[in-house]
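**Student:** generate coordinates for the sequence data below:
(chains A and B)
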Amino acid sequence: MKVIDKIVQANKTFLEETGELAYFAGRFFNESTKRPFEVKEFLRQCYHMGNQSLLLVGVTGFIIGLVFTLQSRPTLEEFGAVSWIPSMVGISIIREIGPIITALICAGRIGSGIGAELGSMRVTEQIDAMEVSGTNPFKYLVVTRIMATTLMLPILVFFGDAIAIYGSFLVENIKGGVSFTLYFNEVFKHLEFGDLIPATLKSFFFGFAIGLVGCFKGYHCKKGTAGVGLAANSAVVYTSMLLFIIDFIAVFLTDIFYDL
Amino acid sequence: MDEHSNLQQPVVEISNLYKSYGSNTVLDGFNLNLYEGENLVVMGKSGSGKSVMIKCLIGLEQPDRGVIRIMGHDISQLSREDLDNLRTEIGFLFQGSALYDSMSVRENLEFPLRRHTKKFGIIKDTTPFVLAALENVGLAHAIDLMPSELSGGMKRRVALARTLILQPKIILYDEPTTGLDPITAKEIILLMKNIQQQYKTSSIIITHDVDCARVISNRMILLVDGINYAEGTFQALTTMNDEKVLAFFK
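**Tutor:** Numbering: from 1, shown residues only, chains lettered A, B, ... in the order given. Reported below is the predicted structural model:
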């Protein structure tokens, strides 16, 4: 009986939290269209998130490009299909690996940062202080951060994709003597807008999810300083789950459109 | 009824305020009137609902029932924008100071000033305003420090300066001397008294500190079991023949 009670309670909590998250998202859309627009804070957040994630995304992308090519090269060599490496790497990185890996890195880097920052502001009453001084903290803290992650993630994905493909080129250049022009000609020859547009669109949704969950967890942080750690941690866990769900839906919808 | 009631309208009026968290009733029909230029101290045990009352007053918590009027406005009837405008007339000093820790002292003070262009117009150079507010609390030299570089007493003073910069008509103090050493606490109490005299503000002070209540209060309310158990001047309450009341002053 106790086990059933626990399952019921867990489901109830999950559904309540999902409802609250949906309400939070609704409030974001409502507040983001109202004046005054916090342009300065939005730009500051864009710079903060974009600039500080650039190195991490770049290094990770570069290593993924290297490793992906190093791992697939021997198998393709067996079938005499080494010439397919540029197109294979290009398509797989741009369609799937680039967006999801960049989003997961940003969930860890940006999402947890937002959760911890807003959580800390909540428990030290800084959000309340903002509210009583006649400033809308939701608009200033939440709307700006969600908009910044939504805008910056596709840019980071482009950057990560480019570095990953460059990493792959380096392996091909060293192992197969392929020139820069030939490699990138091969990459772009097989890429279509149909590869780029769904990946870019889904990157916007990934960015939105990272900002939304991070802000939601931080803004509703409870239980003092322990709650701050919990907010940061659960922001990463929930965002990662949400990213895979969004990815599945995006791939599923893209597949339907391709069939049409 | 008190001595003010026939003379003037209260600037803050709380009538029959009720607030519960689940089965725990915190405020059970609380009433309060604050008059212009008055320092009203609210005392009560920990968990008696003092902070909940003050948070309901500023709109951070929603009461279950009751009416709160600030300068004649029923706050439950105000739009978000009107409530924000009204909040510029009310200062709030938080127990933990609540300074924005990612901003310097200067930025902490500039933040509310830059956002209320309706009240102050667009201010190009905020430095004179910031310096004036900091000079009032004796911390002009700390203008470029970060909150992490300040002591507890300094943080409380900067928070007070941030409250003053909007030139509020009403100031709410939530346990202003809690967590401070006796000397710093005394300095903060004197500062509060000076501010009241200089700016002619009306204040509600939530405190456990009997010294603070003695020095600063014009009138006091003792909050027990969610209601105003006793009301009067410090002198009147300390000479009351009631064990529950006297327990606060022992």
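
**Student:** near chain A, which residues of chain B are found?
**Tutor:** B:55, B:58-60, B:80, B:84-85, B:87-88, B:90, B:92, B:94-96, B:98-102, B:111-112, B:115-116, B:162, B:166 (CB under 8 Å from any CB of the partner chain). The C-beta positions use only the backbone N, C-alpha and C, and glycine is treated the same way.

**Student:** stretch B:24-39: how far from the chain's middle?
**Tutor:** Distance of stretch B:24-39 from its chain centroid, counting by CA atoms, centre = their mean, to the nearest Å, is 12 Å.

**Student:** thinking again about what came up before, give the buried subset of the residues of chain B next to chain A as a PyMOL selection command.
**Tutor:** Buried members of the residues of chain B next to chain A, defined by 16 or more other CB atoms under 10 Å in any protein chain shown, are picked up in PyMOL with:
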select buried, chain B and resi 55+58+59+60+84+85+87+88+90+92+94+95+96+98+99+100+101+111+112+115+116+162+166
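
**Student:** can you tell me which of the residues of chain B next to chain A end up in helices?
**Tutor:** B:55, B:58, B:80, B:84, B:85, B:87, B:111, B:112, B:115, B:162 (DSSP state H).

**Student:** dump the residues you listed into a markdown table; add pLDDT as well.
**Tutor:** Listed next are those as a markdown table, based on pLDDT from 0 to 100:
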| residue | pLDDT |
| --- | --- |
| B:55 | 92 |
| B:58 | 91 |
| B:80 | 85 |
| B:84 | 87 |
| B:85 | 87 |
| B:87 | 90 |
| B:111 | 89 |
| B:112 | 87 |
| B:115 | 78 |
| B:162 | 92 |
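
**Student:** is residue B:172 in a helix, a strand, or coil?
**Tutor:** The local conformation at residue B:172, judged by DSSP: H, G, I helix; E, B strand; the rest coil, is strand.

**Student:** please apply the same query to residue B:231.
**Tutor:** Applying three-state DSSP: residue B:231 is strand.

**Student:** for residue A:91, see how far away it is.
**Tutor:** 77 Å (CB to CB, to the nearest Å).

**Student:** how about residue A:198?
**Tutor:** 12 Å.

**Student:** between those two, who's got more neighbours?
**Tutor:** residue A:198 (21 against 16; other CB atoms under 10 Å in any protein chain shown).

**Student:** and the residue most central in space within chain A, what helix or strand is that in?
**Tutor:** Centroid-nearest residue in chain A: residue A:103, 2.5 Å away (criterion: CA atoms, centre = their mean). Here residue A:103, judged by DSSP states H and E, is contained in helix A:98-106.

**Student:** that helix packs against which elements?
**Tutor:** Helices and strands touching helix A:98-106, by 3 or more CB pairs under 8 Å, 6 or more residues apart in numbering or on different chains; DSSP states H and E, are helix A:39-78, helix A:144-176, helix A:193-219, helix A:224-259.

**Student:** please identify the buried residues of the first one?
**Tutor:** Going back to what we said before, that points to helix A:39-78. For helix A:39-78, by 16+ other CB under 10 Å, it's A:41-42, A:45-46, A:49-50, A:53-54, A:56-58, A:60-62, A:64-66, A:68-69, A:72-73.

**Student:** also near chain B: which of the residues you listed, exactly?
**Tutor:** Of the buried residues of helix A:39-78, not one also sits near chain B (CB under 8 Å from any CB).

**Student:** for the record, mean pLDDT for stretch B:12-29?
**Tutor:** The average pLDDT for stretch B:12-29 rounds to 92.

**Student:** repeat that for stretch B:218-226.
**Tutor:** Rounded mean pLDDT across stretch B:218-226 is 91.

**Student:** what about it, distance to the chain center?
**Tutor:** Distance, centroid of stretch B:218-226 to centroid of chain: 15 Å (CA atoms, centre = their mean).

**Student:** may I have it as PDB, with CA atoms only?
**Tutor:** C-alpha atoms of stretch B:218-226 as PDB (Å, rounded to 0.1, in the frame of the first residue of the first chain):
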ATOM      1  CA  ASN B 218       5.600  56.200  19.100                       C
ATOM      2  CA  ARG B 219       3.200  53.400  19.500                       C
ATOM      3  CA  MET B 220       3.400  49.600  19.700                       C
ATOM      4  CA  ILE B 221       1.300  46.600  18.800                       C
ATOM      5  CA  LEU B 222       1.800  43.200  20.300                       C
ATOM      6  CA  LEU B 223       0.900  40.400  17.900                       C
ATOM      7  CA  VAL B 224      -0.200  37.200  19.700                       C
ATOM      8  CA  ASP B 225      -2.100  34.300  18.100                       C
ATOM      9  CA  GLY B 226      -2.600  36.200  14.900                       C
END
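
**Student:** buried ones in that stretch?
**Tutor:** B:218, B:219, B:220, B:221, B:222, B:223, B:224, B:226.

**Student:** with stretch A:179-196 instead?
**Tutor:** For stretch A:179-196, burial by neighbour count (16+ other CB under 10 Å) applies to A:182, A:183, A:184, A:186, A:187, A:191, A:195.

**Student:** ok, these vs chain B, which is closest?
**Tutor:** residue A:195 (40.2 Å; CB to the nearest CB).

**Student:** contacting residues around that closest one?
**Tutor:** Contact analysis of residue A:195 by CB atoms under 8 Å, 6 or more residues apart in numbering or on different chains lists A:91, A:94, A:95.

**Student:** among these, name the ones in strands.
**Tutor:** Cross-referencing the contacts of residue A:195 against strands under DSSP state E gives no overlap.

**Student:** which is the next helix or strand following the helix or strand of chain B with the lowest mean pLDDT?
**Tutor:** Ranking every helix and strand in chain B by mean pLDDT, DSSP states H and E puts helix B:117-120 at the bottom, with a mean of 66. Downstream of helix B:117-120, the next assigned helix or strand under DSSP H and E is helix B:127-136.

**Student:** from the chain's centre, how far out does stretch B:152-165 sit?
**Tutor:** 13 Å.

**Student:** any chance you could list what contacts it?
**Tutor:** Against stretch B:152-165 from outside (CB under 8 Å, 6+ apart): A:133, B:91-94, B:97-99, B:105, B:108-109, B:111-113, B:129-130, B:133-134, B:136-139, B:142, B:147, B:150, B:171, B:176, B:179-181, B:184, B:187-188, B:191-192, B:195, B:199.
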